[in-house]
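Chemist: predicted model and sequence below, questions to follow.
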Amino acid sequence: MQQQVPAAAAQRRAPESLGRPQEKRLRRSSSWWSSPAGTFLLQGFSIVAFLLAWNLFATIPRAVPIPTPGDTLQAALSLDPAKFFRDCLLSFYRVGLGFVIAALMGIPLGIIIGFWMPAKALLFPAVEILRPIPPIAWIPLAILFFPKIEWMIVFLTFYGAFFPIVYNTIAGISEIPKAYIRAARSLGAGPWTLFWEVMVPAMLPSIFTGLYIAIGIAWLMVVAGEMMAVTGGIGALTWQAYQTSHYPLIFVGMAAIGVLGYASSQLVRSVARRVIRWEVS
């Protein structure tokens with residue numbers, strides 16, 4: 001019996017020891033792909049694959065030819081750099097202003113609705129009625145309401161970003177674990193400490209999800225507003241290119257919108273990494 005015990009223990013340990021090298025290899029390979037170098041390589045591969053697919057699709061004969069990546073690059077190089085930079089900066093400013101106003105109004109409103117039942121009964125029905133209305137449907141009324149076109153465009157970006165922020169703030173409050181609140185109260189936490197030290201950190205991931213969605217919608221709306229107003233910006237540049245049938249320039253505008261939107265989303269994600277380090281990898 002004394003000789004069988006070590007043998008049995010060795011048999012039990014054998015499968016574990018045999019599986020460890022393979023587990024380590026898988027862990028090393030997965031960690032490499034998640035490293036900065038691996039992430040950069042994957043992103044570069046996706047961009048190259050997209051450009052190749054775009055070039056292949058553009059070679060298919062059709063009544064209206066689609067510009068190739070080379071045609072788009074030539075159109076971009078033919079632009080006045082100073083004017084193009086001003087258009088990008090103007091669109092970025094409009095998105096940023098509408099987004100910041102939406103965040104400053106949407107987060108407090110979501111907190112009030114989420115925590116205070118009378119406010120939810122009073123305000124939530126109006127929010128629910130306004131939410132399904134597409135922001136583009138507000139363009140005719142916005143032109144009447146706002147004497148300046150600039151205000152109209154900022155309003156559209158604000159309206160598009162507002163509701164994702166409000167709803168994700170409310171969702172973040174509803175998902176706060178009750179055990180956290182009970183534990184904090186049992187340790188003597190007061191209302192102010194409970195709110196800032198327990199509730200706010202718990203709802204922040206959902207709030208940043210709303211901000212991440214909102215910044216993308218804000219870019220959709222600024223382009224729509226600029227196309228209607230034609231007062232500068234990337235949307236106006238794209239619309240003018242369409243009116244003159246300058247198709248490569250249309251693709252330049254689309255690419256600029258995509259790059260600026262991506263940069264804005266990465267900016268929000270970067271802030272989230274610093275604020276909620278325990279959630280965002």
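Modeler: Sure, I can see it. Bear in mind that the values here come from a model prediction, so they are computed numbers and not experimental data.

Chemist: where does the chain have low pLDDT?
Modeler: Within the chain, the segments meeting pLDDT under 70 span 1-34, 230, 278-281.

Chemist: center of it, which residue is that?
Modeler: Nearest to the geometric centre of the chain sits Tyr212, at 3.0 Å (C-alpha atoms, centre = their mean).

Chemist: ok, that one - contacts?
Modeler: 265, 268-269, 272 (C-beta atoms under 8 Å, 6 or more residues apart in numbering). Where C-beta positions appear, they are placed from N, C-alpha and C, glycine not excepted.

Chemist: and the gap between it and Phe99?
Modeler: Plainly put, Tyr212 is 11 Å away from Phe99 if you go by C-beta to C-beta, to the nearest Å.

Chemist: where's Leu194, which helix or strand?
Modeler: Per DSSP states H and E, Leu194 falls inside helix 191-194.

Chemist: give me the buried positions along that helix.
Modeler: Going by neighbour count (16 or more other C-beta atoms under 10 Å), the buried part of helix 191-194 is Leu194.

Chemist: what are the contacting residues of it?
Modeler: 181, 184-185.

Chemist: cool, and stretch 145-154?
Modeler: Outside stretch 145-154, the residues that reach it (C-beta under 8 Å, 6+ apart) are 94, 97-98, 101, 139, 142-143, 155, 222, 225-226, 229, 231, 233.

Chemist: what's the span of that stretch from first residue to last?
Modeler: 13 Å (C-alpha to C-alpha, to the nearest Å).

Chemist: give me the buried positions along that stretch.
Modeler: 149-150, 152-154.

Chemist: could you identify the most distant pair in the residues you listed?
Modeler: Greatest spacing in the buried residues of stretch 145-154, by C-beta to C-beta: Ile149 and Val154 (9.8 Å).

Chemist: before we move on, back to that, same list, the buried residues of stretch 145-154, but as a markdown table with secondary structure and distance to Ala58 please.
Modeler: Below are the buried residues of stretch 145-154 laid out as a markdown table (DSSP: H, G, I helix; E, B strand; the rest coil; distance: C-beta to C-beta, whole Å):
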| residue | secondary structure | distance to Ala58 |
| --- | --- | --- |
| Ile149 | helix | 35 |
| Glu150 | helix | 36 |
| Met152 | helix | 36 |
| Ile153 | helix | 32 |
| Val154 | helix | 36 |
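
Chemist: format the residues you listed as CSV; extra columns: distance to Val127.
Modeler: Shown next, in CSV, are the buried residues of stretch 145-154 (distance: C-beta to C-beta, whole Å):
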residue, distance to Val127
Ile149, 27
Glu150, 26
Met152, 22
Ile153, 23
Val154, 20
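
Chemist: go through those residues and name the one nearest Cys88.
Modeler: Using C-beta to C-beta, the buried residues of stretch 145-154 come closest to Cys88 at Ile153, 14.9 Å.

Chemist: one step back: now for Tyr212 and Phe99: what residues contact both?
Modeler: Going by C-beta under 8 Å, 6+ apart, no residue sits against Tyr212 while also sitting against Phe99.

Chemist: quick revisit: which of the contacts of Tyr212 fall in strands?
Modeler: Among these, no member falls in strands (DSSP state E).

Chemist: ok so, going back, kindly give a single ChimeraX line that selects the buried subset of the contacts of stretch 145-154.
Modeler: Selection of the buried residues among the contacts of stretch 145-154 in ChimeraX, burial being defined by 16+ other C-beta under 10 Å:
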select :94,97,98,101,139,142,155,222,225,226,229,233
